[in-house]
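In: Okay, here's the prediction I keep looking at, along with the sequence it came from:
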Amino acid sequence: MATRIIMPKLGMAMIEGVLAKWEVMDGAQVALDDIIAVIETDKITYDLKAQANGILHHRAKPQDICLVGAVIGFIGSPDEAIPEGPGDLQTGPVDVAQPPAEQKPPSPATPVAAQPVSSPKDGFVVATPAARRMARNAGLELSFISGTGPAGRVTEQDVQVYIKTLDGLQVTPVARKLAQDHRIDLTRLTGSGPGGRITKEDVQQATGGQVEVPTRPDEPVPTVAKVVPFAGMRQMIAENMLKSLHNMAQVTLTTEVDVTELVDLREHLKKRIDITYTDLIVKAVTLGLRQHPRLNASLVGNEIHLAEDIHIGFGVALEEGLIVPVITHADRLTLSEIGMRVRDLAARARQNTLNIDEVTGSTFTISNLGAYGIDGFTPIINPPQAAILGVGRIIEKPGIYRGEIARRSMLVLSLTFDHRLVDGSPAAAFLQKLAEILAHPYYLKDG
């Protein structure tokens, strides 16, 4: 009997993966443990090995998105009959955690082009002021939303229901942009992509033909030096960032901290342990989160979950994108232990040897761009966390110290928080406490 090749489950949080590419041609001979394919998630890439000797038969295509446990191919003997068709690409095992049913609303059997206006007379949509404001802030067409109020008035709850339905759809970034440009209601479309994902072709069909962005005949066409596929990790990062900005009320607070004592402390500690500013900031963040647990939280349904454990994610830049390894139970580690964990995770991130459990489960994230000469910036929250800290460079400036002008080492911190979970005052109090710890780092000496 042919051996099934399935989409592997690379961690507890994994539901689906992308078949990035086949390393062995269809119909070729493979041996046990040969690398036959590359699997991508939004966090890592993984070399898939053959589980048997025989002839490889592809069923999934490169860039197909498949559920965990889905059959993506077979390995069989030369004279063995292989099941026909694309395989069981959309069905995972029964123990795979699936998204809640309400996140995948039913769609009509055939795509229907959305009407740009809901009123046949003048296009005006009857809606409450709160509903109109919410739709405008979310960039939504009121005419797409069915009103349940008196005389069909669109209410705030109607907008909330529509947003929830829209968020439950699987849509490629290109399809989302095309639908926005041509005023197409995505909730009325049936996706033809893997897992019911709505693709560019589905939106084009809804418009009644192939739509393209028009260009003037006299418009100069830029010379393309290189074409990079918008796929894999880059595409998944884009989708996650858009979803983060769309679903959260993100606000950024910025402060400048005198870290002259922190610089002195690091120079002192370097004599006995290998320590970086990132290690010191991670430790300081854990102390701050213990006193301000609202920032160590996430929104689950209608509940705010304050995490008991502190797991710190930190950004590591890769050629194809950004990955965020996680220091689990960071508050229980000493400075030297944090340093060893940071270096190990960062090195294996660049070598692409992290497993998915090492890049999931963080409760708070730190993004440090100081090495690139950046002062302040606006980091984007990693869902479903409540906040993310942006760290800039440490630079010497003249400042007032004990009533005199002196040369001081200054650092800009940028805290982005989800205003749905945390108000400005608690967020500012956390940032103030963190600044205090970094300005007077005797808290960290014995950590």
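Out: That came in fine, so what should we check first?

In: so which strand or helix has residue 51?
Out: Assessed by DSSP states H and E, residue 51 sits outside every helix and strand.

In: Touching, it and residue 32? I think so.
Out: Yes: the pair formed by residue 51 and residue 32 meets the contact definition of CB atoms under 8 Å, at 7.1 Å. Backbone N, C-alpha and C define where each C-beta goes, glycine included.

In: Compare the two (neighbour count), which wins?
Out: residue 51 (15 against 11; other CB atoms under 10 Å).

In: got the contact list for that one?
Out: 3, 5, 32, 75 (CB atoms under 8 Å, 6 or more residues apart in numbering).

In: For residue 193, state which of these is nearest.
Out: Using CB to CB, residue 5 is the member of these that lies nearest residue 193, at 21.0 Å.

In: What score does the closest one have for pLDDT?
Out: We have a pLDDT of 94 for residue 5.

In: Repeat that for the one 10 residues further on.
Out: In the prediction, the pLDDT value recorded for residue 15 is 77.

In: got it, and residue 265?
Out: Listed pLDDT for residue 265 reads 94.

In: Please name the nearest non-neighbouring residue to it.
Out: Spatial nearest neighbour of residue 265, chain neighbours left out: residue 441 (4.9 Å); criterion: CB to CB, 6 or more residues apart in numbering.

In: tell me the helices in the stretch 51-200 of the chain, going along the chain?
Out: With DSSP state H, counting those that start in this stretch as the criterion, the stretch 51-200 of the chain has helices at 129-138, 156-167, 173-181, 200-206.

In: Can you give me the buried ones in the longest one?
Out: Along helix 156-167, these residues count as buried under the neighbour rule (16 or more other CB atoms under 10 Å): 156, 158-159, 162-163, 165-166.

In: What of stretch 66-86?
Out: 66-76, 86.

In: Return the subset of these lying in strands.
Out: Judged by DSSP state E, strands contain the following of the buried residues of stretch 66-86: 66-67, 71-76.

In: Which two among those are spaced furthest apart?
Out: Largest separation among those by CB to CB: 67 and 76, giving 22.8 Å.

In: re the thing from before, where do the contact lists of residue 51 and residue 32 overlap?
Out: Between them, residue 51 and residue 32 share no contacting residue under CB under 8 Å, 6+ apart.

In: So which residues of the stretch 201-350 of the chain form helices?
Out: Using DSSP H, counting those that start in this stretch, the helices of the stretch 201-350 of the chain run over 232-247, 260-269, 277-291, 335-350.

In: What separation is there between residue 428 and residue 420?
Out: With distances taken as CB to CB, to the nearest Å, residue 428 is found 17 Å from residue 420.

In: scratch that, residue 353
Out: Using CB to CB, residue 353 is found at 37 Å from residue 420.

In: next one: residue 202
Out: Per CB to CB, residue 202 is found 31 Å from residue 420.

In: and those two? which has more neighbours close in?
Out: residue 202 (22 against 13).

In: For the residue nearest to residue 276 when sequence neighbours are not counted, the count of nearby residues, please.
Out: Nearest non-adjacent residue to residue 276, counting by CB to CB, 6+ apart: residue 339, 6.6 Å away. The tally of other residues near residue 339 (other CB under 10 Å) stands at 21.

In: correct me, but residue 339 touches residue 272?
Out: No: with contact defined as CB under 8 Å, residue 339 does not count as touching residue 272 (11.7 Å).

In: List the buried residues in stretch 245-262.
Out: 247-248, 250-254, 257-260, 262.
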